[in-house]
Structure formats: structure tokens, C-alpha cells
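Enquirer: The sequence and its predicted three-dimensional model are supplied below.
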Amino acid sequence: MTQGMTWTFTNKPAILSTGVIGGPFEKKSPFADLFDGCEDKLWMNEDSFEKANRHIIERAIDTVIGKMSLQPTAIDALLMGDLINQMTPTSLAARTLAAPYLGLFSACATSMQGLALSAALVDGGFCKTVLTGASSHNAAVEKQFRYPTEYGGQKPPSAQWTVTGSGVAIVGQETPQHPALAFIEKATIGKVIDRGTNDPFNMGAAMAPAATDVIDRHFQDTNQNPSDYDVIVTGDLALIGHRITEDLLNSKGWTFKEGQFLDCGKMMYVESAGVQAGASGPACSAMMIYSHFLNELKRGKIKKMLAVATGALLSPLTSQQSETIPSIAHAVALSGPTQNSPQGKEG
Amino acid sequence: MKKFRFGIAIVTILLLSGCALFEQVGPIQVVIHDDHQEMVSTIKKQLEEKSELYDTIVIAAEDNILVTYKVNHLNRFQMKSIEKTLNDWLEKEYPDEDFILSSDYKIFLESYLLFEEWDEGSLAVDEAEKKLEKIIELKKELT
Amino acid sequence: MKKQTASQKSYQDLVDVHDEKRPVLLNCIKAFVVGGIICAIGQAVTVFFILFFPFTEQTAGNPTVAVMVFIAMLLTGFGVYDRLGQFAGAGSAVPVTGFGNSVISAAIEHRSEGYVLGVGGNMFKLAGSVIVFGVVAAFFLAIIKTLLIQWGVLG
């Protein structure tokens, strides 16, 4: 079922379990207690950063499968992605798992792209158990998109720190053994938006219009407004992009209460961590949403949330050829288990 | 951190103490061949009059005369022209002699060492000449 | 850069309102201090070579550069130089240690692709342009100087 261009799921696809693994730097995150684990070293005992990225994906997948005590063969589809060369870390991790695999790329919006598609697959009855997620590795991304990790170039205050980590979730129908952590209600798929910024050190500004567009369309399609959600959380807009987005949304007539409009990139690290504007990377939104926000939904602290992951679709080549940065955002509406659950108070 | 600072202090003291590189030692003249005595004195006097220079050593051997000097810090930009005017003056006064001019600290240092040894009297004439040759060779080295 | 359309311009204006600018003056001061410290260390190394080895002021430059690059190599390998770079900016990039850092960081980064194609092929990924344009600039300056001497403008 669709309203405008927003998908509304009727068969209650749910997030059943999550696996969130961080890197050594993410250990210092204020939300580190909610992660399932953190690696001690950036190398993770592998001989390249790309292999380390694969390792962290595998570890997150193992965690989530272990939590649900599933057989790896029970996974009907694997929908994942990352940032490194043709998504090889994810593809190689998928080789290990040997499940039907769809590689996804929406840069840092991959997490919500995967969640929306998984929900659609489950809702349509094509799959029972779908594993979705996203990952990134700071040093591997730096190597590909910017300068060598040890290069002493100065980053401007608008630069963002790519998260090392991986966040995965299993989407399926709720069962008594596996109660839902959250239900996936709606999803709005973003359009590629380009407002002509071309500074690769200011991704927040590039992604803000895409986030604005998808949030605006979501509210219009579903006849909702910000007060229908307890929180609206964006992926990795960070300090500058988040302020721009709020401004743009205000000008479209959507206003937010204090503490209602949040950003994973701003929350991931403490302010003194030396990460300039904040965190970024596919893992940023995946880790925060699959740990902190799902936990809040489960505990009933928030009942409904709109998760918007944002991605800048640039490559090192396009930015060197002074192409502007196109960006995308996907929105997924989640609701807590107590509200909609058949065994819940209302049911 | 404390150890580090201590280390730096030691190194600085070692570098700065008792070394002709950083303190004024001249003006000095070394005359290996007696017949140059008068000329060396004149050159020395001429050098002392120049306000841009603050420390000079003049060494005269049979056919080479080495003139080294230190240039005041603020005049170091004019080093080339100082050397040129000095050279012109020397060529004009003593057209028959070969002069080697240098404002290089290393040449100055080596010249000072040569002077010290000569002063002690532990150096024979031909040894001193050889040392001077070496200093001149060092001066001519460019890379 | 392509010409901006009106809507791009208006968005850029909005970005500029929220953007955090680089603190240029503070960066300059930091760069001056750190760059000065690096150069002072370099001077100390030069003095060391003059005092204890047969190098003149002219010739002590080369071993000094080698030592400074070596120090930069160690700092890069221990992961200190990139932090220094973030603090000091141009202060640590302009002295020869910055050049060393750009070579060595690229070499470390591409070690996983093997020694020939990885380290050898990518070592000068960042520093290559410095060498290319340095040589080109030197070539043209030499031509200009030669011509000026030929024409008797320079002595």
C-alpha cells in the first residue's frame, strides 16, 4: 500500500534483533554501553583496513544470529552495503554467510535503504527473515575518499569523522520466541537531490536538502506532522548540516520541539573527541538507530520515531572533477512494540 | 615530560657552551709566513672598521690568505655585497695575492681551531699550511 | 567551477550562514609557532652537523633535510604527525617534514597492496605533484635567469 510515494506496511514487519559492533574510537562514545561490543584495534588483527571492515561486518552478523540462535541458512536475504570500492567488504562477508545477497549502495543512507527494502520484502511475503545493515571503517574510508590516514593535513571544522563499526538488524514477523523490538510502519524513499555544493569536507551541507526533501514528502504523503513522532532522527548531518536542515524544514512550515529533532552524527561522539562537526559513515546511523533508539523504543521511552539516513553520493573521482555532490536520504517510520503489539495494552 | 625538558636543556648547554661558533673570539690574525705580517695587520684593521662584521680571523700562508668573518645578524641579507666590496678592496690593495673570503661559520670555526693550535706552538709550518689547504678545500665544496 | 544557478546560490548563502569557518588568524598563529619550532629544531641539527662533522653552512643543508625527514618518518609511523598536522596546519606541512610526511603516509597506507604496486606505485601519490611542479618551476626560472644573464641584465 502506498500513500503518495510513501510505502505503508500492513503486515507488521518488525525488527527482531540487532547486532552493533564499534571500533576502538567508538568505545568512548556515550552510547558505547548499548553496543554489543567494540574492537580494540583499528586493524582488528587483519592485514588491511578493508579486511578489518569485512571482519567487523562478520562479527556483527555473528552477533545478531547468535542472539536469535538462528541457523545461518535461515536467512532468506542479506541486504547490506558499505563505502569501500564496489562494496567488496560486504560482498566478501556475504561470501562467508552464503545467504541470498543484495548489495546496496546509498553511501551513508544505506542503513535505512536496507531497512525499508527488508520491510517491503517481509511485508510482501517474499522473505521470512531478512538481515540488513551497513558498515564503515574509518581508515579504509579515509584512504579511499580523502588522504592517507597518517597524512598531516588540516581538516576544516565542517569535516566529519567516519565511524568505524557495523550495525545490522534482522527483520521479520514477530513470533512469541522472538518478540519485536520495533515495528516498521512506513518508509519514504528519497530522490537524489543536488543543490550545487561541491565541498567534500562539508558533507552535511550537501546532504541537508535531501533530508529536508524526504522528511517533507513523508509528512505530506502521510498527512502527518512532526508532532506525530516523538523523535525525528537524521543519519549523519552533523553540526552544520543539521542546523541547515532544521532551517529548511522550518521554512517549509515544520517546526520541532526541543529535543525532538536529533542527529546520530552529533550524538555519536562526545563534543571533546576532536571529530570536527561530528560523525559520518553508513555505520553511524545504523549503529545509533539499532542500539540507542531501538532501546528507547523497546523501553517505551519513545513510541514513534522517524529515522532518516542521509548519504552523499560522491566518489573521489567526481569530486576531483569538480562535480557537485548529489545526495540522498531515506526515511523509515518505526514504532515501539508496546503500542502496536498484539499482546500490548491496546490489543 | 620533566625528563624531556631536562634533556633539551642538556643539549642546549652542550651546544652553546665554550664554542667559537656562538661567542666572539676575534679579531685574530695568524701569520704562517713572516713576510705577510704587515699586510695582515692592514687587512685586520680594515675589517675592524666595518660595522657589519663583528668577528674576524685572517690567516696568511705563503700563497693563500684566508679571511673569515662573522656578519651581524641583521646584515646577513647583504652578505653577498659585503663579500664583494671586501674582495674588490683586497684585489685593489694587493693585486698579487690570492684571497679566500668566507663568512661561513664552519670555516670560521676551523680557522679558530687552527689559530689555537698555532698559538700553542704545537704546529709546524708545513702542517699548518696543510690544514689551511684543507679548510680552503672545504670552503670550495658546494654540495 | 561552473556557474551557479540562482537556487544554488541561495542555498549556498544558507550554508554560509550555518557553516563553521576555519579560524584563519588562530590557524596562522599556530602554524607560525609550530613551524618555527620545527625550523628551530632543523637549525639545531644544522649546527650539530657544522660542529661535529666536516660540513659547512653550505653543505650542512642536505644531511639536515635527511635527518628532518627521518624524524618525520618516525612521527608519522607512530601516528603523531597527523595530529600535529590537525593542530598546526601549514606549520607542519610547509617545512620539509611535511613533504616527508606526505610520502611516508602514502607508503604506509598502500603497504597492503604489496611493495611494488602498492608502496612503490603510490608513495608519491601526494608528493608527486610537489616534485613535478618543483622541477617545472625550477626549469623555467633557470631559463629566465640564463636569458637575463645573456642580455646583461643580471651580473
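Expert: Yep, that arrived.
Enquirer: only C-alpha atoms for contact and neighbour calcs from this point on.
Expert: Fine.
Enquirer: Compute the number of surrounding residues for A:T2.
Expert: By other CA atoms under 10 Å in any protein chain shown, 13 other residues sit near A:T2.
Enquirer: And B:L90, by the same measure?
Expert: Using other CA under 10 Å, B:L90 is surrounded by 17 other residues.
Enquirer: Output the below-cut-off pLDDT ranges for chain B.
Expert: Along chain B, segments meeting pLDDT under 70 span B:1-3, B:6-26, B:33-34, B:143.
Enquirer: can you give me the helices in it?
Expert: With DSSP state H, the ranges of helices along chain B come out as B:2-16, B:37-49, B:79-93, B:105-120, B:125-140.
Enquirer: Can you say which of those is nearest to C:A137?
Expert: The closest of those to C:A137 is helix B:79-93. By CA to CA, the value is 24.6 Å.
Enquirer: ok so, going back, and of the helices of chain B, who's closest to chain C?
Expert: Go through the helices of chain B one by one with CA to the nearest CA and the one that ends up closest to chain C is helix B:105-120, at 4.9 Å.
Enquirer: Now do that closest one against helix B:125-140: the angle between them, please.
Expert: When axes from the mean of the first three to the mean of the last three CA atoms, to 10 degrees is applied, the directions of helix B:105-120 and helix B:125-140 differ by 170 degrees.
Enquirer: And helix B:105-120, what's buried?
Expert: Neighbour counts over helix B:105-120 (16 or more other CA atoms under 10 Å in any protein chain shown) mark B:Y105, B:K106, B:I107, B:F108, B:L109, B:E110, B:S111, B:Y112, B:L114, B:F115, B:W118 as buried.
Enquirer: quick one on the thing from earlier: could you export the helices of chain B as TSV, including distance to A:A208?
Expert: Output for the helices of chain B, formatted as TSV (distance: least, CA to CA, whole Å):
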stretch	distance to A:A208
helix B:2-16	48
helix B:37-49	72
helix B:79-93	59
helix B:105-120	61
helix B:125-140	65
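Enquirer: and among these, the most buried is which?
Expert: When the helices of chain B are scored by mean count of other CA atoms under 10 Å in any protein chain shown, the highest mean neighbour count falls to helix B:105-120 (a mean of 19).
Enquirer: Redo the helices of chain B as CSV? Include distance to chain A.
Expert: Output for the helices of chain B, formatted as CSV (distance: least, CA to the nearest CA, whole Å):
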stretch, distance to chain A
helix B:2-16, 24
helix B:37-49, 49
helix B:79-93, 36
helix B:105-120, 35
helix B:125-140, 38
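Enquirer: Up against chain C, what does chain B have?
Expert: For chain B, the contact set with chain C under CA under 8 Å from any CA of the partner chain comprises B:L15, B:D104, B:Y105, B:K106, B:I107, B:L138, B:K139, B:E141, B:L142, B:T143.
Enquirer: Residues of chain C that sit close to chain B?
Expert: Counting by CA under 8 Å from any CA, chain C sits next to chain B at C:F48, C:I50, C:L51, C:P54, C:F55, C:T56, C:E57, C:Q58, C:T59, C:N62.
Enquirer: Farthest pair within those residues?
Expert: Using CA to CA, the pair of the residues of chain C next to chain B lying farthest apart is C:L51 and C:N62, separated by 15.2 Å.
Enquirer: Show me how chain C divides into domains.
Expert: Per the record, chain C has its domains at C:23-124, C:126-155, by automatic domain parsing.
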